[in-house]
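Trainee: only the shape, not the letters, is given here:
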């Protein structure tokens, strides 16, 4: 009789422990993911600043620079048609007030609500100052997360017909 009671108590205590662990994980996992997304967004802002610095300081026509990129989440879009560079990420972290765009050191930042998540977009707009191209064409390059980093090469081609400096992007 006592032996059966011990087994019943052991099973009940084990189930209670599983319920407690499940409850803690149900609360903690979204918070951990939110903190990871916050770190990715901060790293992405730093990546965008690095790209902006490289583009601004590339120098004379013919100069080329390499920018190593590590994308853990989200996607980087180099839009040669509109002369803009975007970084977009679907995140649990609310980076800023939804639907309010603001500029932080030349980077336009916008957060939009997307269900229970947030779509965070970081934008570098060169439409008034530079002509952005990919492989010498006005086309779009989209880079998504990768286990290995990307090697992005930026080259100053010189001034275009409109007098804007052309920065050409290539993957290495």
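Mentor: Sure, I can see it. Quick caveat: nothing in here was measured; it's all calculated off a predicted structure.
Trainee: contacts only, for the spatially closest residue to residue 74 that is not a sequence neighbour.
Mentor: Nearest residue to residue 74 in three dimensions, chain neighbours excluded: residue 89, at 3.2 Å (CB to CB, 6 or more residues apart in numbering). Just so you know, the C-beta spots here come from the backbone N, C-alpha and C atoms, and that holds for glycine as well. With contact set as CB atoms under 8 Å, 6 or more residues apart in numbering, residue 89 has these partners: 37, 40-41, 44, 73-75, 119-120.
Trainee: now the strands: where do they sit in the chain?
Mentor: Counting by DSSP state E, one finds strands in the chain at the ranges 64-69, 75-79, 84-91, 102-104, 107-114, 117-125, 130-134, 140-144, 150-159, 165-171.
Trainee: and the fifth one, what does it pack onto?
Mentor: Translated: strand 107-114. Secondary-structure packing of strand 107-114 (3 or more CB pairs under 8 Å, 6 or more residues apart in numbering; DSSP states H and E): helix 2-56, strand 102-104, strand 117-125.
Trainee: let's see it at 6 Å
Mentor: strand 117-125 (3 or more CB pairs under 6 Å, 6 or more residues apart in numbering; DSSP states H and E).
Trainee: quick one: low-confidence residue ranges for the protein.
Mentor: Of all residues in the chain, those with pLDDT under 70 make up the ranges 1-2.
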